[in-house]
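Trainee: below are the sequence and a predicted model; questions follow.
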Amino acid sequence: MGDEVEVKQLLNFIREQVPDWDDEVKATARYKAFSGQRSDWESLFVFWRDLIITIVRRFNILLLSPSLMKNSWFNRGGLTPLCLDHVLLEMYNNGDLLRLSDFEDPTTGRLSRLMKIIHFPIAFKSPTSSDILNDRLILLTMLEDRATYVVKALSETNWTSSCIITMKHFESLFKEHDEAFAVLSYLSRHGKALYLSIKSKEPIMGVKVSLSSASVSSFPSIDSVILQLMWTLEELQQQISVIDKQYKRFRISALVALRSGDKTLALRNARQLKLASESRDKLTAYSDRVEETVRVISDAQSAKKVYEAIQLGAQVIKENKMEVEEVQLCLQELDEFMVSQETIYNALESKSYAAVEDEDIEEELKKLELQIRNENILVNAPITMEDTKENVRASATPDDLCAAIADLKLESEIEDHSIQGSHSGSGSRKDCATLEAA
């Protein structure tokens, strides 16, 4: 929110929310420092608190900078609110705001956090207004909303009750590192996320997030394997993206070479196109195998949970001294209920078909007959020379390009000089057409 355009939009929004914002008399009263009893400045505190919350929610701001708020948001020609530090401190004491420095580091263990409290107790004293102004602040409701959004976004791409992603993937869901840190700390504190790491030549960091109402579970050996696979999958996808860019660059270079008549360079780029295509196919095959492995592991975990649920059910039956016959009777009643429901559904379905008028059926048949007739006309239509050229272009490959250039070079050596000049331009155009289809 430090951008000049965004600040201008924010100021316009403030004027919409506070119509008398530019009134000098009221502005002077609003910008003065708090004094006296709480009842004397309570209404002014509520005004600034509600205004800050409204702005934060409207512009979807997670991290707040007190200095930016004071010197940019609420700066009126050099006049800044003297009460802002008191307002922010009150919001912090009331639990509306949190300091970024108060968040526990989710990458460290509980023991290290406990040792930090023992060795540095002074760091956990109540903050002053100066401490608030020199820190970054987070509105609690915005933090809760952002955590909910992250879980929802991950749920849309994962069907399991939890998922494991790399730290790079997790941070890509946020604007900056501190936002990801705050949300991960919040989720970890509430048992909804777990930080993972693998020590190797290149340390791999990741996050396991619960996508259900249950707390996240920990299976160190399996979690590490999945994290390693997810990291490998991201690396493969990144390499595929690089090859795609190289393929486009080689293709453009080959087109330029053909149009300039440099057949040697065009042939070299055509070979690079073929190598890039083969490399991409191999990486895609590896990527598919990794995805399949992750899926198999996830299925195995789900099967284990089903098995545990069956064991739990058997234990409950035993503890409650339930007879097997009672359980079978309940299952039989459930089957009868399902059969009756299916009978009702079939009856309703057959009744809906009987309610269709004959005229409606005839109208649908006419539409279908007309559609089939139109498709037959298109199929039986004669193929023109332009259609043939388009088909040739669509089916061309880098191998076809190499063959076309080789044939062109052979023809240019046989024909005489004058004919060679007229045919070389035509050959280049054919090569270009073949390459454009690559």
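Mentor: Perfect, I can see it now.
Trainee: which residues of this protein fall in strands?
Mentor: Listed in chain order, the strands found in the chain under DSSP state E are 63-64, 97-99, 137-139, 162-166, 193-198, 204-210.
Trainee: mean pLDDT, mean neighbour count and distance to residue 91 for those - can I get that in CSV?
Mentor: Bear in mind the C-beta positions are built from the backbone N, C-alpha and C, glycine included. Listed next are the strands of the chain as CSV, based on pLDDT from 0 to 100; neighbours: other CB atoms under 10 Å; distance: least, CB to CB, whole Å:
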stretch, mean pLDDT, mean neighbour count, distance to residue 91
strand 63-64, 94, 20, 10
strand 97-99, 94, 20, 4
strand 137-139, 95, 23, 8
strand 162-166, 93, 23, 33
strand 193-198, 93, 19, 26
strand 204-210, 94, 21, 29
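Trainee: nearest to residue 262, out of these?
Mentor: When those are compared by CB to CB, strand 162-166 sits nearest residue 262, at 44.2 Å.
Trainee: residues in contact with the nearest residue to residue 176 once chain neighbours are set aside?
Mentor: Closest residue to residue 176 apart from its sequence neighbours, by CB to CB, 6 or more residues apart in numbering: residue 63 at 7.5 Å. Residue 63 is in contact with 100, 136-138, 176, 178-179, 182, counting by CB atoms under 8 Å, 6 or more residues apart in numbering.
Trainee: at 10 Å instead, please
Mentor: Each residue near residue 63 by CB atoms under 10 Å, 6 or more residues apart in numbering is listed here: 1, 56, 100, 136-139, 142-143, 174-176, 178-179, 182.
Trainee: just to revisit the earlier point, how about the strands of the chain in TSV, adding distance to residue 40?
Mentor: Shown next, in TSV, are the strands of the chain (distance: least, CB to CB, whole Å):
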stretch	distance to residue 40
strand 63-64	26
strand 97-99	23
strand 137-139	25
strand 162-166	52
strand 193-198	44
strand 204-210	47
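Trainee: who wins for proximity to residue 233 among the ones you listed?
Mentor: strand 162-166 (9.1 Å).
Trainee: alpha carbons of the closest one, as PDB, please.
Mentor: Coordinates of each C-alpha in strand 162-166 appear next as PDB, following Å, rounded to 0.1, in the frame of the first residue of the first chain:
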ATOM      1  CA  SER A 162      -4.400 -33.300   4.400                       C
ATOM      2  CA  CYS A 163      -1.800 -32.300   1.900                       C
ATOM      3  CA  ILE A 164       2.000 -31.800   1.800                       C
ATOM      4  CA  ILE A 165       3.500 -29.000  -0.200                       C
ATOM      5  CA  THR A 166       6.900 -27.400  -0.500                       C
END
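Trainee: and that strand, which strands flank it?
Mentor: strand 204-210 (antiparallel) (DSSP bridges).
Trainee: angle of the partner strand against strand 193-198?
Mentor: Computed with axes from the mean of the first three to the mean of the last three CA atoms, to 10 degrees, the direction of strand 204-210 lies at 150 degrees from that of strand 193-198.
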